[in-house]
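Undergrad: this is the structure alone, sequence omitted:
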């Protein structure tokens, strides 16, 4: 299971020259989930002082080094050969014209000093982790235009653990400069219509996630059927979302599309990360966590939250809490139900863990599998934590 632990900030990039951190986060999610190749440090040797910008390695790229060399000179221009150490010789690039050979994109711009023969760029590319694992999501929409209300949009299609399914979800940004919030809106869909807005995609369930316009640290975990993410923002506080399928307690023919849209807010709420009443989707019985049943969307409940003998207040013998035993923390499955006799399944890679003698960002290795401990916003109660599985 690929995962990524990293951060974004509001540093402008070639792709997003007027950037904010939540814009850059959406781009990072697209690149990782879409299996885009990772660009290493680009080296240049030569006389001309032009630049190579807008570099992008496609989801079909492999690990190799590209050599881009000036083969013909021209005033304020020139032609460059493009050769991959694995992919071989591709079509030539022209200065000032965006280049795309299906594996690598870039634009070479002229500088005050023209390029001469032999001037050369070296571009190392590492295959994207999701592509290497064979689970890269299809990027159906990625837009980087829009105002405060609509923002940037990302819609993806996953193919499940079988590789033959169609699971639709995405994220868009929304913010207000005057109210000082910079958020994500998580969306789970039953299909995709190119002409529809993000919020009106088929069967849309939506949940907001407070983010930031400054540095965001993040833990991103994905497999073929779902993406789960935790973010550290602001003061700091911790924000979370889960999009995609869960593990159902029934056959595919009985329950063909068991999916969850879990966030921190009900819809695109105008809520800043510093607001103290919002909570993670695991707390249950709120539209910030939606479960799609065969009959449609409901507000999901999450076991063991709500079980007084596991996740209670520990104030009496009838309200207890799970605690560590000889420094061991049992990870419990998070089971989804409707607060009645109906239990639908369990979240994939999300586990209940006690906060007793525990701390956010603690790491666990159980059976060779890595987990990270996360908390809800700034809460530090014993029932305010969960463990996110990072890898298989």
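TA: Arrived safely. Just so you know, these numbers come straight off a predicted model, no measurement behind them.

Undergrad: now residue 229, nearest residue through space, not along the chain?
TA: Nearest non-adjacent residue to residue 229, counting by CB to CB, 6 or more residues apart in numbering: residue 220, 4.9 Å away. From N, CA and C alone the C-beta is placed, and that goes for glycine too.

Undergrad: what pLDDT is listed against that neighbour?
TA: pLDDT recorded at residue 220 is 98.

Undergrad: also residue 173?
TA: pLDDT for residue 173: 95.

Undergrad: begin at 15 from here
TA: Let's use 15 as the start, then, which means that last one is residue 187.

Undergrad: what bridges to it?
TA: Beta bridges link residue 187 to residue 198, judged by DSSP bridges.

Undergrad: what about residue 219, how many residues nearby?
TA: A count of nearby residues for residue 219, using other CB atoms under 10 Å, gives 25.

Undergrad: residues in contact with it?
TA: Applying CB atoms under 8 Å, 6 or more residues apart in numbering, one finds that residue 219 lies in contact with 201-203, 275, 304, 306, 311.

Undergrad: pull out the buried positions in stretch 160-174.
TA: By 16 or more other CB atoms under 10 Å, the buried positions in stretch 160-174 come out as 164-174.

Undergrad: if you could redo that for stretch 256-269, that was the one I meant.
TA: Within stretch 256-269, the residues scored as buried using 16+ other CB under 10 Å are 256-262.

Undergrad: how about stretch 266-280?
TA: Of all the residues in stretch 266-280, those buried under the rule 16+ other CB under 10 Å are 271-280.

Undergrad: burial measure for the residue nearest to residue 243, as a count.
TA: Neighbours of residue 234 under the rule other CB under 10 Å: 21.

Undergrad: pretty sure it is in a strand, no?
TA: Yes - counting by DSSP: H, G, I helix; E, B strand; the rest coil, residue 234 falls inside a strand.

Undergrad: for residue 405, see how far away it is.
TA: To residue 405, residue 234 is 12 Å away according to CB to CB, to the nearest Å.

Undergrad: so what's in contact with those two at the same time?
TA: Residues within reach of residue 234 and of residue 405 at once, by CB under 8 Å, 6+ apart, are residue 17.

Undergrad: so what does the biggest helix by length in the chain touch, helix or strand wise?
TA: Scanning the chain for the longest helix, with DSSP state H as the assignment, gives helix 35-47. Here helix 35-47 touches strand 17-22, helix 143-146, strand 167-172, strand 181-190, strand 195-203, strand 230-236, strand 240-247, going by 3 or more CB pairs under 8 Å, 6 or more residues apart in numbering; DSSP states H and E.

Undergrad: go through the ones you listed and pick out the most buried.
TA: Neighbour counts (mean count of other CB atoms under 10 Å) averaged over each of the helices and strands packed on helix 35-47 peak at strand 195-203, with a mean of 26.

Undergrad: quick one, that one and strand 181-190 angle?
TA: Angle of strand 195-203 versus strand 181-190, following axes from the mean of the first three to the mean of the last three CA atoms, to 10 degrees, is 160 degrees.

Undergrad: just checking, next helix/strand downstream of strand 195-203?
TA: strand 219-224 (DSSP states H and E).

Undergrad: mind listing what's buried in stretch 398-406?
TA: Within stretch 398-406, the residues scored as buried using 16+ other CB under 10 Å are 398-404.

Undergrad: avg pLDDT for that stretch?
TA: Rounded mean pLDDT across stretch 398-406 is 91.

Undergrad: check which helix or strand the residue lying closest to residue 70 once chain neighbours are set aside maps to.
TA: For residue 70, ignoring the flanking residues on the chain, the nearest one in space by CB to CB, 6+ apart is residue 119 at 4.4 Å. In this structure, residue 119 sits in strand 118-123 according to DSSP H and E.

Undergrad: next structured bit after that strand?
TA: Toward the C-terminus, strand 118-123 is succeeded by strand 134-140 as the next helix or strand (DSSP H and E).

Undergrad: touching that next one from outside, list them.
TA: 51-60, 66, 69, 71, 75-84, 94, 118, 120, 122.

Undergrad: from those, which ones fall inside strands?
TA: In this view, the contacts of strand 134-140 that belong to strands under DSSP state E are 52-53, 57-59, 66, 69, 71, 78-84, 94, 118, 120, 122.

Undergrad: picking that back up, between the buried residues of stretch 266-280, which sits nearest residue 374?
TA: residue 278 (15.4 Å; CB to CB).

Undergrad: surely that closest one and residue 292 touch.
TA: Yes - using CB atoms under 8 Å, residue 278 is in contact with residue 292, at 5.2 Å.

Undergrad: overlap of the contact sets of the two?
TA: Listed contacts common to residue 278 and residue 292 are 224, 302, 391; contacts here mean CB under 8 Å, 6+ apart.

Undergrad: can you tell me which residues contact residue 180?
TA: The contact partners of residue 180, taken as CB under 8 Å, 6+ apart, are 171, 173-174, 205.

Undergrad: domain ranges for the protein, per the record?
TA: Domain assignment of the chain by automatic domain parsing yields the ranges 17-49+148-403, 52-141.

Undergrad: residue boundaries of the strands in the stretch 265-406 of the chain?
TA: 273-276, 279-280, 303-307, 310-313, 315-317, 325-330, 333-335, 346-351, 357-366, 377-380, 383-389, 399-403 (DSSP state E, counting those that start in this stretch).

Undergrad: just name the most buried of the domains of the chain.
TA: Among these, domain 17-49+148-403 has the highest mean neighbour count (mean count of other CB under 10 Å), at a mean of 19.
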